Each structure stands twice: as C-alpha cells, then as structure tokens.
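Undergrad: quick one: sequence plus predicted model below, questions after.
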Amino acid sequence: MSREQDTDKSRRRFLGGAAGTVAAATLAPGVVLHQLGQAKPADQPVSSQQRWGMLIDTSKCANGCEACVDACAKEYGWKPVTAETSERERAIDAQWIRKVNLRNRETGYSHSLPMMCQHCETAPCVDVCPTGASFRRADGIVLVDKHICIGCRYCMMACPYKARSFIHEPLHDQLAVAPRGKGTVESCTLCVQRIDQKGANAIPACAEACAAEGHDAFIFGDLNDSESALSQALRKHGSTKIRADLNLNQGITYRGIEG
Amino acid sequence: MQRLVSRWRLLWLAISVLVPGALPVAAMAGEVPLPEIPQARARVSATQGCVEPTPEMRRNHMKYILHQRDETMHEGIRTRQYSLEECVNCHATPGADGEIPRAHEPGHFCSSCHSYAAVDIDCFQCHADRPTRDAQIPAVDRVSTTHGEPPGVVTSLSHTARAQTVDAQAAERATR
C-alpha cells in the first residue's frame, strides 16, 4: 500500500514538474509573468505552484473568543451555535469552523483552538467521494462541488476532523458569495473567492477577524513560497499537524497544542 | 376533391353561425401568448444588450453558465462575463411594487421564460436570486471579446449608480 502511494506521489511530482515547465515555456515569449504573491488574472486557472495554508498559534487564541467563528458565519451566511440554539439545531449545525476547548488533565493547562477543514494533501474526503464532488484544487484547497454532490455524506464519515456538515433543510436568502442548499455537504473553503481575487495578499475571514480582535493567531500564506510569512514562521517555530499519524499533510497546522 | 373542400367549408360556416363565438376562438388559436420578459438594468454596449448577441443568449445561455460554473468551481477562474451572479445582478430587476421578485415568481427574469417553456431549474435553491453583494464586487478583468467594448456599465457600480448611468445614457440618446 505504502509503495503504491509513493509511486503515486512521485508520478504526481513528475507530472506537476512537466506541466510547470510547459507553462513557463509557453508563457515566456511576449507574456509577462505576474510576480509571485500577486493575484492571478481572473481568467487564468489556479496552479500547483501555490499551496495555500495557515498556521494557527493556539497560545494567542483566547479562551471564549469566537471572533473567527462569527466572522465566518457572517461572511457565508450560516448560523453559529449560540445559547439559544435548540438541541435539534445543535445536532445538525454547520461545521465551517468551530472552537474546540482543550485541557490537559495532568497539568491543568487549558486552551482553545479553531477547528476547520485542514485542507489535506491526501484528503480522505476526496478519496471516498463517489461522484468527484469532493475535490482538491491544484492550489491545495479542498472543496465540495455542490453541483455534483449527491449528499451521501461519505466524506463526513471519512473526515478525521469532523470538518464537514450536511444541510438538512431548505435554505432561503443565501448570499451570492456562498451558494448553499439542502442535500449537499459543506465545509471551510479557505475563503477561496478572496484567494482567487487577491492571491497571497488575501486573508481569510477568520484570520481577518482574529487580527482585528488583536489576537493575531492566524498566519495565512503560500506553503510553496519559502519567503512567505507562513513559510518563515514554520521554518522558525515549526508546527504540529493534528493526527499527524494519518499522514494527510494538512495545509492547516498549529502551534502550542502540545501542552 | 374540390367539392370535398367546399363541403367542409360549408360545414365550418354552419358551425360558426350556429355556435356563437366559434369563429373568434378559432382565430385566436393561431396566436401564442409571448412571455413578458423584464428589461435588464443595463446594456453591454450601445449596439448589444447582453454579453453575447441576444439570439445566441436565448438559445445557449445555459451552456455559457454551465461552462463558467465548472471553470470557477474547479479552476478558480472568476471572470464575470458569464457568471450567474452577474446575470442576476443585471437581470433581477424590481417589479411594479418596487420589490425584486423571487426566482419562482413570474416577474423574475429567469422564470418569465422558464415557466413559459416548462423548464424547471434548481440554480436558485442554492444561488442568490437577487443581487446581494453588488457594492462589494471588485472590478475584475473581463475576458476581451470580439464584439463590443468592455462592458464598463456592468462592472462594479452599485445599483443606484448603475441605474443613474443607464438613465444618463437614455437621456443622452434622447438629446441626440
């Protein structure tokens, strides 16, 4: 099994490299390549030259602060869980992002962290999807194509992070930025529309809200760009992948959860 | 044969005389009531209404939207020329009561024709059927096309601004 995976990866790397060379060769005459970090032109497809990710410093993440969750809910028009949320609604609440509280029983050290789609390189949700609705974009963002999602929820079962949810009831007045509807699965999109428009200068809604609160626990950036703030922070401090034993190579990693 | 036809004609005349109203109904049967299609907010250019010539859009709009759907979803191509959101921004216009009709209501641009053609679409089970974030849409590069200038009117203006532009254009046309 592991040998198969290795073969698969090396083949991907080879094909990726070949595609990159071809792209560079055809783009070279006449066309000016956009600088790294700038947004791609709107009519160009995303490429594997970028891999978007985030580093979340849980030591900066305040207990009880829900700014990231609220910002995501506002941006995409889903209802976060509050004290008024009924038991029934709680059972089917949207899982774009949630706060998880942790406490080490031995030391008593407690902290909290935001949990959302980890945008895995080898995503289990993509593996199990029978229709191809659950897919990973070239730039590493894992999404659900709701046009072809049949609502089987295999991906929800497969996700080790419980980062997906199913829409059980008809919705009305959805936002243009987030088409959501009954019978489909949804999850964090890493604010894909912001990334498509602004590239490395984009900042996901959760990270934006966290910075506005003054906590600044999120660093968003391009994992493939060694000079990005994210890569520099990772190089300097390292990070922890949750359930690293699954070898999923997540795009979202954490600091300070060893506690 | 000639005789047969004239006999039929006689019969028909007899029916129309005997049954009052038979003639007008027969005459109306040839007419098809056309759908009332609401006017869009703006034109792409002085010579062209929609992003492609109108006959092309009438026949193939779904192909453009489907193609754009897959490109946007899987490749992150977010040109606005064929985006459903821009369709809604321009075509979902207020009715007589000042409210923008919902997708299932007859006054909505899409349903005005779809209900007539007995087409049932599910786009608006998820997608917004009214313009929702128009003012926030940044001006994005459009794919240049062979026809017409870049549709400056339909880029990132708020509805009021857009309506004003349209009004200004109408006024300009009137003075010409």
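TA: Okay, I see it.
Undergrad: strands of chain A, residue ranges please.
TA: Listed in chain order, the strands of chain A (DSSP state E) span A:52-57, A:97-103, A:110-116, A:134-136, A:142-144, A:164-166, A:185-187, A:218-222, A:252-255.
Undergrad: domain ranges for chain A, per the record?
TA: When chain A is parsed with automatic domain parsing, its domains come out as A:1-33, A:43-255.
Undergrad: so which of those gets nearest chain B?
TA: Of all these, it is domain A:43-255 that lies closest to chain B, at 3.4 Å by CB to the nearest CB. All C-beta spots, glycine's among them, are computed from the backbone N, C-alpha and C.
Undergrad: deepest in the core, which of the domains of chain A is it.
TA: domain A:43-255 (a mean of 18; mean count of other CB atoms under 10 Å in any protein chain shown).
Undergrad: related to what we said a few turns ago, could the strands of chain A go into a markdown table alongside distance to B:Ser83 and mean pLDDT?
TA: A markdown table is the format used below for the strands of chain A (distance: least, CB to CB, whole Å; pLDDT from 0 to 100):
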| stretch | distance to B:Ser83 | mean pLDDT |
| --- | --- | --- |
| strand A:52-57 | 22 | 97 |
| strand A:97-103 | 26 | 93 |
| strand A:110-116 | 26 | 94 |
| strand A:134-136 | 20 | 97 |
| strand A:142-144 | 17 | 97 |
| strand A:164-166 | 26 | 97 |
| strand A:185-187 | 20 | 97 |
| strand A:218-222 | 25 | 97 |
| strand A:252-255 | 29 | 96 |
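Undergrad: looking at chain A, which helix or strand is least sure?
TA: Within chain A, judged by mean pLDDT, DSSP states H and E, the helix or strand with the poorest mean is helix A:2-27; its value is a mean of 50.
Undergrad: ok, for B:Arg43, nearest residue in space, not its chain neighbours?
TA: Spatially, and ignoring its direct neighbours in sequence, B:Arg43 is nearest to B:Gly49 (5.1 Å; CB to CB, 6 or more residues apart in numbering or on different chains).
Undergrad: same thing with A:Lys182?
TA: The nearest residue in space to A:Lys182 (CB to CB, 6+ apart) is A:Pro170, at 4.8 Å.
Undergrad: roughly how far does that neighbour sit from A:Asp93?
TA: 17 Å (CB to CB, to the nearest Å).
Undergrad: A:His147: what's it in contact with?
TA: Counting by CB atoms under 8 Å, 6 or more residues apart in numbering or on different chains, A:His147 touches A:133, B:69, B:73.
Undergrad: so the second one makes contact with B:Leu84?
TA: Yep, that's B:Arg69 we're talking about. Yes - look at B:Arg69 against B:Leu84 with CB atoms under 8 Å: they come within range, at 7.4 Å.
Undergrad: so between the two, which is more surrounded?
TA: In terms of neighbours (other CB atoms under 10 Å in any protein chain shown), B:Leu84 is the more surrounded of B:Arg69 and B:Leu84; the figures are 20 against 17.
Undergrad: tell me the contacts of A:Cys125?
TA: A:134, A:142, A:154-156, A:158-159, A:164.
Undergrad: and B:Val88, by the same measure?
TA: When contacts are counted by CB under 8 Å, 6+ apart, B:Val88 touches A:176, B:127-131.
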